[in-house]
Structures are given as C-alpha cells and as structure tokens.
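Enquirer: Next input, structure requested:
(chains A and B)
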Protein chains: 2
Amino acid sequence: MTKKKGRVTLPSENNFLYETKELLERWGADAIRDSDGTKLDEDVKDLDAKIYTTYFVARNHNDFIEEHMEEVQQLYLMSQFNTATSSELTIDFMQGYFTEQIKPDYIHDPKEWWEVIDRTTATVVDPKDWEVNQENDTVTIHNAVAFHEYTVSFLVYKIWDPTQMYNHITNNWGDSVAHDIPFDVRQPHSNKFMEDTLREFCENNPKTDVVRFTTFFYHFTLVFNDLAKEKFVDWFGYGASVSPAALIAFEKEKGYRLRPEDIVDQGYYNTAFRVPTKAYLDYVDFISKFVAQEAKKLVDIVHEYGKEAMMFLGDNWIGTEPYGKYFHEIGLDAVVGSVGGGATLRMIADIPHVKYTEGRFLPYFFPDTFYEGNDPTIEAIENWTTARRAIMRNPVDRIGYGGYLSLAYKFPKFVDYIEQVTEEYRTIYDIVKGTKAYTGLKVAILNAWGKLRTWQTHMVAHALPYKQIYSYLGTLEILSGAAVDVEFISFDDVIQEGIPSDIDVIINAGDADTAFSGGEHWKNPALVAAIRQFVYEGGGFVGVGDPSAYQHQGRYFQLADVLGVDKERGFALSTDKYFTQAVETHFITEDINNPNDIDFGESMQNVYALNEKTEIIEYSNGEIHLSAHPYGKGRGIYLAGIPYSAENSRLLMRALYYATGKEADFNTWQSSNINVEVHVYPEKELYALVNNTNERQETTIFDGDQNAQQVTLAANEIRWEKI
Amino acid sequence: MTKKKGRVTLPSENNFLYETKELLERWGADAIRDSDGTKLDEDVKDLDAKIYTTYFVARNHNDFIEEHMEEVQQLYLMSQFNTATSSELTIDFMQGYFTEQIKPDYIHDPKEWWEVIDRTTATVVDPKDWEVNQENDTVTIHNAVAFHEYTVSFLVYKIWDPTQMYNHITNNWGDSVAHDIPFDVRQPHSNKFMEDTLREFCENNPKTDVVRFTTFFYHFTLVFNDLAKEKFVDWFGYGASVSPAALIAFEKEKGYRLRPEDIVDQGYYNTAFRVPTKAYLDYVDFISKFVAQEAKKLVDIVHEYGKEAMMFLGDNWIGTEPYGKYFHEIGLDAVVGSVGGGATLRMIADIPHVKYTEGRFLPYFFPDTFYEGNDPTIEAIENWTTARRAIMRNPVDRIGYGGYLSLAYKFPKFVDYIEQVTEEYRTIYDIVKGTKAYTGLKVAILNAWGKLRTWQTHMVAHALPYKQIYSYLGTLEILSGAAVDVEFISFDDVIQEGIPSDIDVIINAGDADTAFSGGEHWKNPALVAAIRQFVYEGGGFVGVGDPSAYQHQGRYFQLADVLGVDKERGFALSTDKYFTQAVETHFITEDINNPNDIDFGESMQNVYALNEKTEIIEYSNGEIHLSAHPYGKGRGIYLAGIPYSAENSRLLMRALYYATGKEADFNTWQSSNINVEVHVYPEKELYALVNNTNERQETTIFDGDQNAQQVTLAANEIRWEKI
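Expert: Sure thing, here's the model as predicted:
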C-alpha cells in the first residue's frame, strides 16, 4: 500500500530543520506552524509544506498601545460581597483581583459607569450616596443599611492579555518577556493600527501561506486572583468586549442602554449556564456583528496578499462563534481548534462557511506530558480513539499538533504511533468526507442556546472536567460518534418556528435552572404544548437530570405528563407514591446485566412515577433513575444522568430508538458487542467496524437487513468491508 | 422501696375484669380507657380507677346525619392532570378517588364553587366554557387549548370518616359495621345535635370521669384511592373543614373570598411543607377560632357534669392545634397523644393551658405486633428509651397504652417490662416535674410555621418515616432530650418582633423551598438583616440541608455570608473554588474518629466554601457537608443533614456550642461517652446519668465544675446522684 500524504500540520521551531523534515515525511505532513513562543527558521519555511504563521491582532504591540492607554481593553468586574455593619461601608473593590492584570478605569466617570448595588434588596444605590477613593481603590457608601450586603460593579482596564499571562506565569518567563497589553479595535487608533500592521505583516512574510489568527479581538473572560491564579474562566464569556464606547454604540443600535448589571449579572457574568436574558442575547448579537465586520476587513487584506485566513477557535475568539449568524460574513478559509474528544471534534468539523477545518490533537508537545518516564502514547491513543468515533461521522479536513516538536521527537514510540494515526486518518478521510453516512435517527438537543452553541453545551472552561457537567456532557460525547444526525435547537426556535419535521427525538439535559435545562422557559405554554404535540404524534423526548424543570402549577418537571415522572421536592410527600416496581427486562437495558449497575454519574434524587403507565427501568434508593412512558404515539424517557462510556453509549442509543418507537430498526447496522461500532457509507458501498477499545473484541454484526455475522477485531482496529 | 402508684392509663375491654385488676395493680395504673372498637363492662368501670370514655363528636350517629345529608362534611379535591389533544376535553374528575369515601357535591352550583384550571397557563377557565355531567361525574371543557393540561377543583361530600374507614378496611369489618358519616357542626342541625348528644351522654354515663374527645370536628386530610388505599394524607391538613358555609363565613370575617385554589393549592393541598400563603394562614386562623369556640361549648358541658375533658391529639383535631392562639380558649383539662420518640413526647408534654398531658406509648396492643413468635418487648424498649430522653427534660403527666389488653396479657415478658417502665417513669416524674432542668443553651428552630408547629416540623403523616425528612427530623429528636431550651419561631416573628434576646443559636433546617427552609421568605431584607446582626453580635446560626436557600442576587444560600458556604447550582462553575481542604481536627468532631464517616442522611450536593475563613470540617466527593465560619462574634455552621443517632446527637450539641462561641462550657455536666447523657436538676440537687443503649457503658462524667469522674452504667440504666 502506498503511503498517503497530506492533511497533517506539524509544529516546528528554531534549529530543528533535519528532524522537521524527517517527521514531515513520516507523518505525511504538508503544513508547518509556529506557536506562541516558537518561531520558524527560514530554512524550515522553505520546506515543501504550507507555512502557518500565528498572528495576534490585538496584542503583542506594546509600543503602539503604550501610546494610547485609553484604548486598552476593558472588563466589568464585581467586587466581593460586603456586609455593612453600620451606615457607612467602605469596599475594597479590588480585593481578590490581580493588579498586574487589571486596573480600575478612572478615565470614565464612575458615577456614570459603575454601579453600587444593595444585594439584599436588589436595588441600585444612588450615586450620591457613595464616592470613590482613587488613592486606595475603595468605594465608601454612606446611608448604608446595616446588615445588608453590597457590591460594586466597576470598569477596569485589562492590562495583560490572559493567554499570554497564563503562558507567562506557567512558564516563568519573568521579566524577560513584556506583558502583552491588549487593545480594543473599536477605538480609532487601534482600529487603524490593526489594519496597517496586518498589511505590513503580509508584506514582510511572503513565505507565510496561512495567517493563523490567534484570534481576533476579544479574549474569553479569564480573570486572575491576587495570588496570580485563575479566579474566573468562561470560554464563552463576552466580558472582555465591553467599554463605554461599546455600550454607547449598543444603545444606538438596539435602542436601549445596558446597565453594568447586564454584564456583571450578580457576579455570574452571564456564564453559558445562565439562562440568557434578552439584554445579554442582544449584547452577544451586537458584539458578534461588530467582530464579524472588523474581522472581515482583516481577512480581505490576507486574501489581497494571496494568503489564506485561518482562525484558531479559542483565546480571542469572542464574537466569532462559528455557529452564529454573522460568522459567514467574515469569509475565513479555515478554522482550527483543539480536540478533546468526539464532541469537540464535531464542534470543529461541523463548522459551516469555511473551506476546511483542522483539529489540533492531544497531547500538546509540552513538558507536562513529554517528560522522562512518561509515555505520551497513552494520552495519544485515548485522544485518537475517542475522536475517531466522531471522525467516522464527519471528519475534520486536517489534523495537527502543537507545542515543541523537539520534545515529541525524543519519544520514538510516540512518533511511530502518530505515523500510524495520520495514515489511518487519511484513509478514513478519503472514504468518509463528503458522503452521507447512514443514520437511523435525527436527534435535536434542546436548550436556551440552540444552534449558536452547537456541540458546546455544558462546557465551563474549554472541555475541562467538572463534577457538575460530566453527567450531561455524556450525551454529546455519545452522539458525536453515533449513527444519528444531530441538531441543536433553542426554546425560542421551538416557540417561533415549531419543531423541524425531520426530528425523531428531542433531548433536554441539565441541572435545574441552567440554560441547558431551561429554567423559566418551561413556564411558556407554547414551548410545552409544542413538545407535547410532537411526542403525542410519535416523536420521542429524552430528559436527562432535571429536564423541563421549573416549579409551576403543581409540577416540577413541566413535561411530567410526557415523562411519566416528576421530582419530589417535599411538596407532594403527602401524596402516596404507589409505583416503585421496576420492570423485569426492558428494550433500553437489553445489553446491561443489572440496571442497578448503570453509572448515572452525579445522578438525581427523589424522582418518582406519576402513574402505572410509567415503565420503571431502574429503581434504587427509593427513587427512579431510568424510566419510559408512553405518550400518544411517542414516548418520554427519563435518565438521571449519562456520563460517557461504552455502556451508556448503548443505553442512550436504545433510549433514543425506544423514545420514538423504532425499536425494530435498532439492529440495522448494529454490533452486539457495545465496544464495537458500525459506520455505514451507502454511496461508497462500504461500511466500517470500529473497535473502540485497546483489547480484541468479538461481536455479532447485523447488516442493513439485520442479518447476523460473527466478527473478531484486534485492539483499536478499524475494518472496512464492502456492503 | 415501696411501689409507687398512678399516672398510668390502661385500656380494657369486655370480659376482662380479673386480668384488668391484676395489671392495674402491677402497672400501678389509676385510669382505664376504652378504644375505638372496645367497650368497658360495668364491673371494670367500678374498679378503683378513673374511667376515660372515648367520645366522637361529629360521627358515629348515622341515624342523625342520614336525615340531614346536606350537613355532611366536605372536601375540595383536585382531579388528575388531563392533557387536551383537541379543543374539547372531558375530564373524569373522580378518577382515582374512592367512591365509598366521597361523592361530588351537586347541591352547591359547580359553576360557583368549582374551578377548572389551565395548568399550563395558570389561568382559570371561564365557567361558560365547561359543563358538568352529573350522570357520569365528568366535566367537559370546550375551547380547550390542545396540549395544555387541565384540572378540575371540585367539592365533595366526605361520606365516610377516615379513621373509621381505615380501621374498618384494615380490620375487615365488612358489612357488620356501618360507615360512620361525619357531619359538620358549622351546620345548624349538627351544631344543635352535638350539644344535645353530649349532654345526653353525660347524663347516661355517670361512671365516666374523663370524656376523651376523639376528637372534635374535622379530621386531618386523609383521602383514599379507587383501590381503597391511602392516596393523600396530611396530619396537619385543614382540607376537611371546608364548605360553602365556611367560605362564606370566612369572607365575612376576613373581608375577602377564598378561591378553591387557595385550598387545592395546585394539588399540594397546602401541606405543612408548603410555604404557607397569607390566604392559607388566614384560613387556618379562621377555622381554629371557630373550632375553639365550638369545642369550648362541649368542654363547658363536660365540666357542668363534673367530668374532665381530654382531647386526643390526632384524628379530628384540625383547628385545635395546641400551640395555636385559640387553644387556651377551649378550656381542656388534658391532652393525650401518641408517642413515637422524643420529639413527639415533647410535642405533647410541652402543651400549654391544660392541667395535664398523657402520652400513649408503643406498641399499640394490636395483632400486628402481638402475635405468636414476636417479642413486643423489643419495640417497647426502643420506644421507652428514645422517649425517656425527652421525659428527662419535660415529662408528660401520665403515660398509657391502647388496644386490646387481652392481647398484651398473653406476653408475660412484656407485662414484666411495662411494670418496670411504669415504675421508672413515676420515679423520674416525681423528681423532674415542675423543676427547671439545667440547660447550657437556648435554641430557636426557625421556619415558616414557628410556634404553631412546636415539635411538629418535617412531619408528613404523624411521625412516619420518609426518605425526604429523616435527615432533618434528627434535629428535633436530638434536641427533645438534650440539655437545651428550645423555642420555635417563624420568619414573621423575626421580621415583626426581632429575635428574642435569650436565644443563643438559631437552627434553620430543610429542603429548599419548603416551609422549613423558607423559600421566598429569604428574599426579605428584614429577615436576613436580623439574623446577620444576631450572629454578628455573638449568636449562632446552624443551617441544615438548604438553609436560607433562595436564588437571589448572586447567592443561593441568602445567609452565605454567615455560613461561609453556598451551593453551586451551575451558575458559578466559572468561578474557581479554592477552598477544599478540611481542617485536621475540630471542636465539633472531637468525639468522632473520622469525619468522613458521619451519617448526613440524604445529604446535600455541591456545597462549597466562599472564602478562606470557612473551617471545612468534612469534605468528600468534591463538596462540603460540615463547616463552620466566623461572623462577627458569632458563627455560622453548615450541616448537610443530621439523622438521629447518638453520634449525631453529640455532633449537633457541639455545633450549637461552637456556633455561639461557648466551647468552654461544653464539658459542664457532660459525659465523655456519647451513649450516656447527663440531666441535672439544680433545685432538687440531683442529677441523673442515663444510658441510652441496651449495653453496659463506661464513661467519664464532668460535673458542674467540669471535674471528671469515671462511671459504669448497666444497659438502659438511669442512675440518680446528689450534686
């Protein structure tokens, strides 16, 4: 078999020409990139590969910004809560913040732009009743009410770029590297500077084929504490895009003025878990429109110089959300992002309006993984195997790596493994790209964000593990590599446009009152009626955790009638709960020995059946964790949580089929062994059997006519067969 | 030692004179009672004992009520939830109800007295849009909105007394015993009948010394389902006191009219766990006032005949709540109630405005316990030992038993044990009654009910175990036998009158949004400010479960500043949680080997520390279950739950002392062994060491000056010593 070539990007660095050439050859790479902290030598740039050059639009030019410090990027921050014990209260509002990262904005009048709030009464304190002491960064409130809590919402300048700050502190760059001061391209000098500088860059870098924007203008919200440690991180946070200029422009465009509280949001800062307010959605729209318009200017310049424009999905990506309504206006050629598993792969691969996507795989070539005695291959196998499921559904167009190539080079076993991975990737890509894989169902994930946050639900920082999210993230991770079509829809979509007719099953997953469960949205009659009708007519509804949860009119789960279960919150204890008997066997748990062994993750307490029609599938500790309930021609399924695993993957797939009454179709293109998945490409007349584990697996494969066949697959094997 | 006599009540029955005399002697009893189903022979009535005669005011007279069926008691009930699938919806509103217990009230116009509610929009359907079909007990709604849920709130006549119904069905009385039809003394004939009948009874029962009212007028809410099984039970439920007459009188007295929904309450029927609305509190007040006024008439009659009036705390007790503001007006001589443990004992013993109280101990002499092969002594020891802790604090004035004496008589070991118990009880009583026991602290239990529900928090049916309550009931059970004064205060008390100056520690315990945690009350600035000030000035606040929980202004626990912890509900995930390190040792857990072994019952998830001042005492599974936090001169303590046990008893006591900074006093009158408790009676110059277990215990006892002394106690021993 001839080795394929291409679709792979290598990082490189100074004085590493020979090895770079060797790896370029072995991994079949056709592009080379630099990183934050590494530069490419000229001879590397002359190799037979596209050259990506990292480009910072709004930082890395302190010479410029130090002349225009009034154009530094800003943030709205909230002080700690402070309890008054008398009528006068002085608040050290900077307490807990990192003065190397931020400094108070005393240029704009605090009386106009700041807010002091009595959090006990939820009222704004009259600016006449407080004053700022600029000497020691305090606010003193007169006429405070004793034993009320107060906060100060204040504007700051963000005098250190968070990504550089993180790298700087983590790698102990010390005084040798200046602190990058981010500037705001909404301001006149900065706006002109960004264009001029990019032109200059393009002129001076003829060997750069791809300008890799890292990224555009505003960093996701990342604030450090007074010990130089992370204090607040929100990968989706628009916090760093504010400024008086932006707020004035917002008022002009939207017809009303935002309050600091619209941004500060009680200190929650509108994280993606908050059910977004109209004001905040308007703000996201406003910034996204602006960012698209300004980013387009830069992309146009890049194109003028015959280069490609690639965006890194992260860092200063705020306002560029690829599933948002202005993204296509930017005109990017490509997006590259970091792949943590199947869901993040699909997040990149499914991005519309670009010529190609690229996934940066793990591990990053950094000393935290590449140190003597450690085997980086272990992480690489894990990363590749989980991402591969998703690649089988929709591949990214390129894969790549980041960090110090010289580090990776010291691990020959790792280099061998990546050689194998890149080859396997290209084989998959050539078959799978652009053809429609067989899917048995179309699934909609329903939450407050919908399409905008496609494959991005329940994330805190970018794909980091959290106790409160893994039980829900499982749904995405499972679906990312499953033979289903997936769409993300919002409550507003359902209310305004109804449920798309091609949807088979709707999933609503999350903790109560979060944007992912939905909170007060569930009080909306149009929403619940639409879903009831959808299920009644044969659709499926799968609720995970606190689906449709909102205490209202005698129900906590507003779709309790669909689900056949509700959550006991203490108000219905006086009502006898008769239904506690689990069924002996059930379609959904057919591949599980004992339903009581199912891993529901954080799980849920106090869920009970409303009537005898509820099929209780798992009951323990006096509560239901898995059930099904008929509703017209469709069904409601309840799941207490579903972390990602092979067992749960099968469980959810069965639940989806059962929800919409398509049990008979389940064994079409199916594997009896849950560790093996079947992916089918009818146009290519091919199907693939994929062993997701490091061990040999035996299984019965059912084809498109449900004919059975015994198969044995080697560890991690992917086997292609003709249909 | 001469045997004492008195303070004990025996049940007796037909043809049991000789054995009754024997047990009267052996148990030192001085009163004999009948029961529902047993009658006393004349010769028994002639024994040297007071005779209690059970008296039913509002049932057991079908001859009367069958002539006045329009005076039968009523209930408001809610139909099941029904989803419309088109514009017409017919609701079988009686579905799930027991037609032998209730029948729809078609005498009063349904269009005036019923309500059809669109539960999806929370709106009342115009009576023009629905009609009742009396033939088949249905309501048909026209102009329904498809896929909205509808309920019917309807009036019924309650044609079978729930207690008699329960006994009837449980004991298979079949056709031999008629169904007691309860009548409403608010109605003219019934009101006259109750007085006349009582007079007649007093005339005809000269040997009755004590009229044991079982009880007065309205039964707690107890509704059966169509399979003759319990459907809804609320020991505090005022549901069975409604009628058009009552609602009209209410309007006259309170100046506004109640809706059916004020009673039906979305199907929750205002259980004690619901934060009571003003309308419901008004209704409780209205009924209580009426009940007191009518009950007084009966008590006066009893007194006229030189007899005593005793009330059974249960069954038809609605409106007579002993800690309510009208109870004293009734003029009762005594209250008798069933003792399930320490808290229920104190519920009876602490009742004000009566000459004496009586506790009916367990087991009840019924065949479910007294059957061949079972040892009823086991339950008796358990019951006595748990209740004894509370008796040491405040004894009931009498103890007694119920059921069939002939059954108990067949168990000689049981008879022996009760002989010993009655003797021990009298010894305790003679010392403890009327003297002030030493207490180290005064504790207030804070919830929406306050004093009205003294020792009655978190109860569903009367003292039955529930998964959702045991983690909170522990607080009461612990305090019932502890050397603390206890007071029950409501949020309104705090808001209107402030916190009594003698309170050392406030406890707020319960699941979020229940009446015991407080729900929306916590949005009240006056409430939170008062508690903050109280703690700031040296008081303690102990929060159990979801204390002060209400999502508002960036906090879930509104007293998070006092507690130093809050609950992560998903909105603050972006904020780093630095504080996860538990302290090595702590005053509160000094008697516990490993804090991770503490039984927090149902426990709580996702509680985290707000700052470095929070003393994390137990941390596991990524969350805090026990912590302390300084606040001014006082402290806030967080506990995830505290079921009753000796370990948790000690834990809570230490938490209380720590909360108010009185650690130095903890070893005043203390036992090192948690299974032994010390009760001190300074006026009597006596103290008692009580072994709460069935095993021998060694311990170090600390006296009033904290001098230590080694002591060994036999199983269950109570030892009296001079101070």
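
Enquirer: Secondary structure class of residue A:166, three-state.
Expert: Of the three states, residue A:166 takes helix under DSSP: H, G, I helix; E, B strand; the rest coil.

Enquirer: Which positions in the stretch 351-500 of chain A make contact with chain B?
Expert: When proximity is defined by Cβ under 8 Å from any Cβ of the partner chain, the stretch 351-500 of chain A lies next to chain B at A:460, A:461, A:466, A:467, A:468, A:469. To be clear about C-beta, it is placed using only N, CA and C from the backbone, and glycine gets the same treatment.

Enquirer: Using TSV, lay out those residues together with secondary structure, neighbour count and pLDDT.
Expert: Below are these laid out as TSV (DSSP: H, G, I helix; E, B strand; the rest coil; neighbours: other Cβ atoms under 10 Å in any protein chain shown; pLDDT from 0 to 100):
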residue	secondary structure	neighbour count	pLDDT
A:460	coil	21	85
A:461	coil	17	76
A:466	coil	16	90
A:467	coil	15	93
A:468	coil	22	94
A:469	coil	25	95
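
Enquirer: closest to residue B:231 among these?
Expert: residue A:468 (36.8 Å; Cβ to Cβ).

Enquirer: Need phi/psi at that closest one.
Expert: phi -90, psi 0 (degrees, to the nearest 10).

Enquirer: Go ahead and confirm it touches residue B:573.
Expert: Yes - counting by Cβ atoms under 8 Å, residue A:468 touches residue B:573, with 5.9 Å between them.

Enquirer: check contacts around residue A:703.
Expert: Residue A:703 makes contact with A:669, A:687, A:709, A:723 under the criterion Cβ atoms under 8 Å, 6 or more residues apart in numbering or on different chains.

Enquirer: could you redo the last one with a cut-off of 10 Å?
Expert: Residues in contact with residue A:703 (Cβ atoms under 10 Å, 6 or more residues apart in numbering or on different chains) are A:667, A:668, A:669, A:670, A:678, A:680, A:687, A:709, A:721, A:723.

Enquirer: Spatially, which two of the residues of the stretch 351-500 of chain A next to chain B are the most separated?
Expert: Across these (Cβ to Cβ), the longest gap, 13.8 Å, separates A:461 and A:467.

Enquirer: shared neighbours of the two, anything?
Expert: With Cβ under 10 Å, 6+ apart as the test, residue A:461 and residue A:467 both reach residue B:573.

Enquirer: Grab the nearest non-local neighbour of the residue nearest the centre of chain A.
Expert: Most central in chain A under Cα atoms, centre = their mean is residue A:456, positioned 3.3 Å from the mean C-alpha point. Among residues not flanking residue A:456 along the chain, residue A:347 sits closest, at 5.9 Å (Cβ to Cβ, 6 or more residues apart in numbering or on different chains).

Enquirer: same for the helix or strand where that neighbour lies, what does it pack against?
Expert: Using DSSP states H and E, residue A:347 maps to helix A:342-349. If you count contacts as 3 or more Cβ pairs under 10 Å, 6 or more residues apart in numbering or on different chains; DSSP states H and E, helix A:342-349 packs onto strand A:334-338, strand A:356-360, helix A:376-393, helix A:470-480.

Enquirer: which element follows the third one toward the C-terminus?
Expert: Scanning forward in sequence from helix A:376-393 by DSSP H and E, the next helix or strand is strand A:398-400.

Enquirer: same question, the last one
Expert: Using DSSP H and E, the helix or strand that directly follows helix A:470-480 along the chain is strand A:484-490.

Enquirer: okay, whichever residue of the stretch 251-400 of chain A sits closest to chain B: pLDDT?
Expert: Residue nearest to chain B within the stretch 251-400 of chain A: residue A:266 (3.4 Å; Cβ to the nearest Cβ). The per-residue pLDDT reported for residue A:266 equals 98.

Enquirer: Please give me every residue in contact with it.
Expert: Here residue A:266 is in contact with A:78, A:117, A:119, A:122, A:151, A:153, A:274, B:551-555, B:571-572 (Cβ under 10 Å, 6+ apart).

Enquirer: how about 8 Å then?
Expert: A:78, A:119, B:553, B:554.

Enquirer: my guess is residue A:104 contacts residue A:156, does it?
Expert: Yes - in this structure residue A:104 lies within contact range of residue A:156 using Cβ under 8 Å: 5.5 Å.

Enquirer: give the contact list for residue A:51.
Expert: A:31, A:32, A:33, A:40, A:45, A:207, A:208, A:209, A:210 are the contacts of residue A:51 under Cβ under 8 Å, 6+ apart.

Enquirer: Identify, from the residues you listed, the entry nearest to chain B.
Expert: Proximity of those to chain B (Cβ to the nearest Cβ) peaks at residue A:33, which lies at 29.8 Å.

Enquirer: List the beta-bridge partners for that closest one.
Expert: Listed beta-bridge partners, residue A:33: residue A:11, residue A:52 (assigned using DSSP bridges).

Enquirer: ok, it - how many residues close by?
Expert: Burial measure for residue A:33: 26 neighbouring residues, criterion other Cβ atoms under 10 Å in any protein chain shown.

Enquirer: just residue A:206 next, same as before
Expert: With other Cβ under 10 Å as criterion, residue A:206 counts 12.

Enquirer: How about residue A:495?
Expert: By other Cβ under 10 Å, the residues close to residue A:495 number 15.

Enquirer: Name the nearest residue to residue A:673, ignoring sequence neighbours.
Expert: residue A:699 (3.3 Å).

Enquirer: in a helix, that's where the one you found is, yeah?
Expert: No - assigned with three-state DSSP, residue A:699 falls outside any helix and is strand.

Enquirer: do you know how far it is from chain B?
Expert: 36 Å (Cβ to the nearest Cβ, to the nearest Å).

Enquirer: Who is that residue paired with across the strands?
Expert: residue A:711.

Enquirer: ok, and for stretch A:589-605, which residues are buried?
Expert: A:589, A:592, A:595, A:598, A:600, A:601, A:602, A:603, A:604, A:605 (16 or more other Cβ atoms under 10 Å in any protein chain shown).

Enquirer: picking up where we left off before, and the contacts of residue A:266, which two are furthest apart?
Expert: A:78 and B:553 (11.1 Å).

Enquirer: of the two, who's got more company?
Expert: More crowded of residue A:78 and residue B:553, by other Cβ under 10 Å: residue A:78, with 24 against 18.

Enquirer: so what's that one up against?
Expert: Residue A:78 sits next to A:151, A:152, A:153, A:154, A:264, A:266, A:267, A:269, B:554 when contact means Cβ under 8 Å, 6+ apart.

Enquirer: that's a strand at the third one, yeah?
Expert: To tie it back to what came earlier, the one meant is residue A:153. Yes - Residue A:153: assigned to a strand according to three-state DSSP.

Enquirer: burial measure for it, as a count.
Expert: 24.

Enquirer: Just the pLDDT for it.
Expert: 98.

Enquirer: what pairs with it across the strands?
Expert: residue A:78, residue A:115.

Enquirer: State the pLDDT value of the residue nearest to residue A:456.
Expert: pLDDT, residue A:347: 97.

Enquirer: repeat for residue A:81
Expert: pLDDT, residue A:81: 98.

Enquirer: Give the burial count for the closest residue in space to it that isn't next to it in sequence, as a bare number.
Expert: Nearest non-adjacent residue to residue A:81, counting by Cβ to Cβ, 6+ apart: residue A:149, 4.7 Å away. Residue A:149 has 26 neighbours, counted by other Cβ under 10 Å.
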